[in-house]
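**Student:** Quick check, what structure comes out for this input:
(one chain, ligands or ions: 3)
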Amino acid sequence: MPIPIKNAEGIRHMRDACAIAATVLAKLKAHVRPGITTYDLDQIGRDLISSFGARSAPHGYTHGSGRPYPAYTCLSVNEEVVHGIGSLKRVLRDGNIVSLDVTVEYNGYIGDNAVTVPVGPIAPRTTELLLVTEEALRRGIAQAVVGNHIGDISHAIQTYVEAHGFSIVREMVGHGVGRKMHEEPQIPNFGRRNTGEKLRPGMTLAIEPMVNLGRPEVRTLSDGWTVVTADGSPSAHFEHTVLTTDRGPEILTIPRAS
Ligand code: MF3
Ligand code: CO
Ligand code: CO
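**Tutor:** Ligands and ions are numbered 1, 2, ... in the order given. As a prediction, this is how the structure comes out:
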């Protein structure tokens, strides 16, 4: 399967979906504070998404296990890497980190973005984990240049993360995004320069390093979704949807001035 190339109309729809995803994420982030549960955050996310006339793309989504994803956003605390399900039992506390991953569908197109934020004061090494993961995303995006290869993105992320003594999660990867949440190509957060598909204008790519403070291994909890680090160490996740253009990469998941 070739990588989908979006035409002008597709790009217009992608801009709309991504702007909504980014606005919802920014507003949701403002609700993170000690004492709130991840269930409450998910409900706020659900309401924000519907306030824009959009739909949660993860809600009801099925994969391998066949169990539909029950929540509206993905909220992953501390050792949870991705796909955490909001719960009344999970109360955010000072010293925690929480990853917020918001994916919306609007007019048949999907925008996908994520951040990891601290709850109150956090350990110095965990602060570094967040800074390094966000910078790794920035460096990966900078490689999303027409004529480059997917492996250039992967390599930039991996080398920066590993140079700081953190580890890359291998089991989950970034991806093309458009009419479907997960399109070709896969975008691993590890790899070699000059390998993989060549980038052309009009690709929309979700680039999303998942980085562990400790060892790289992960496992999935018995809920069939929540991915956690095998060693219980904290994990961070940052994500943007990016458009490749002849003028360089353009981040689409940015809130619109309103
Ligand atoms: N936002 C996720 C991603 O970055 C997808 C959600 S997975 C789901 O690819 F299973 F929860 F839907
Ligand atoms: Co996402
Ligand atoms: Co994604």
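**Student:** Setting aside sequence neighbours, what's the nearest residue to residue 210?
**Tutor:** Excluding the flanking residues, the one nearest residue 210 by C-beta to C-beta, 6 or more residues apart in numbering is residue 169, at 4.0 Å. C-beta: built from backbone N, CA, C; applies to glycine.
**Student:** measure the one you found to residue 45 for me?
**Tutor:** Separation of residue 169 from residue 45 (C-beta to C-beta, to the nearest Å): 23 Å.
**Student:** Compare the two (neighbour count), which wins?
**Tutor:** Neighbour totals were compared for residue 169 and residue 45, and residue 45 leads with 26 against 22 (other C-beta atoms under 10 Å).
**Student:** Determine the three-state secondary structure at that one.
**Tutor:** Following DSSP: H, G, I helix; E, B strand; the rest coil, we place residue 45 in the helix state.
**Student:** Can you read off the pLDDT for it?
**Tutor:** Confidence at residue 45, expressed as pLDDT, is 98.
**Student:** For it, give me its contacts.
**Tutor:** Residues counted as contacts of residue 45 (C-beta atoms under 8 Å, 6 or more residues apart in numbering) are 24, 28, 56, 72-73, 100, 102.
**Student:** With residue 40 instead?
**Tutor:** Counted by C-beta under 8 Å, 6+ apart, residue 40 has contacts 31, 86.
**Student:** and it, that's in a helix?
**Tutor:** Yes: counting by three-state DSSP, residue 40 is located in a helix.
**Student:** From residue 90, how far off is it?
**Tutor:** Shown here: residue 40 relative to residue 90, a distance of 10 Å by C-beta to C-beta.
**Student:** what about whichever residue of the stretch 1-150 of the chain sits closest to ligand 1, how many neighbours?
**Tutor:** Distance from ligand 1 to each residue of the stretch 1-150 of the chain (C-beta to the nearest ligand atom) is smallest for residue 58, at 3.0 Å. The local packing of residue 58 (other C-beta under 10 Å) involves 22 other residues.
**Student:** I'd like the distance between the closest residue in space to it that isn't next to it in sequence and residue 83.
**Tutor:** Nearest-residue entry for residue 58: residue 69, 4.8 Å, with adjacent residues in sequence omitted and distances by C-beta to C-beta, 6+ apart. According to C-beta to C-beta, residue 69 stands 7 Å off from residue 83.
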